[in-house]
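> I would like the atomic coordinates for the input below:
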Amino acid sequence: EVQLVESGGGSVQTGGSLRLSCEVSGFTFDNIGWFRQAPGKARERVSCTTISDDTTYYGASVQGRFTVSTDNAKNTVYLQMNSLKPEDTALYFCTTAGTLRNCLSGDYLYWGRGTRVTVSS
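Numbers count the residues shown, from 1 in each chain. Predicted structure coming up:
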């Protein structure tokens, strides 16, 4: 059974940092991503990573502030979020789309229940 379990969300002030974790089980993955959804808004792609060539594409709104890393031994993916802004407030999901192309187009296959991030001004 494919499972992605996000954790690490919380409430921080503007400029703060959080590190989200995504524990993956039930499948072997080379592509992993994060997306977020704020109340009343559409999904927004945060990142798409191809592990085999260590390449990550970031959404324009998070480029330079967020960083993805992986711990293959733990089947865990991390999203380090720095310089957080109120507009980063959202439910964050870890996802796999099967391919980088699908991830970039938002055509996700599986995702977890999400972890909530709230950034106050």
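> From now on I want contacts and neighbour counts done on CA atoms only, so please keep to that.
Noted.
> And the strands in the chain?
3-7, 10-13, 18-25, 31-37, 44-50, 55-58, 66-71, 76-81, 90-96, 110-111, 115-120 (DSSP state E).
> Of the ones you listed, flag the one that's most buried.
Of all the strands of the chain, strand 90-96 has the most neighbours on average by mean count of other CA atoms under 10 Å, namely a mean of 26.
> With adjacent residues omitted, what lies nearest to residue 103?
Take residue 103 and drop its neighbours on the chain: the residue closest to it by CA to CA, 6 or more residues apart in numbering is residue 97, 5.1 Å away.
> my read: that neighbour touches residue 110, true?
Yes. Contact criterion CA atoms under 8 Å: residue 97 and residue 110 qualify, at 6.9 Å.
> Can you name the residues bridging to the residue most central in space within the chain?
Most central in the chain under CA atoms, centre = their mean is residue 34, positioned 2.5 Å from the mean C-alpha point. Beta-bridge partners for residue 34, by DSSP bridges, are residue 47, residue 94.
> Return the residues in contact with it.
Shown in contact with residue 34 (CA atoms under 8 Å, 6 or more residues apart in numbering): 45, 46, 47, 48, 92, 93, 94, 95.
> what's the spacing between it and residue 121?
According to CA to CA, to the nearest Å, residue 34 and residue 121 sit 24 Å apart.
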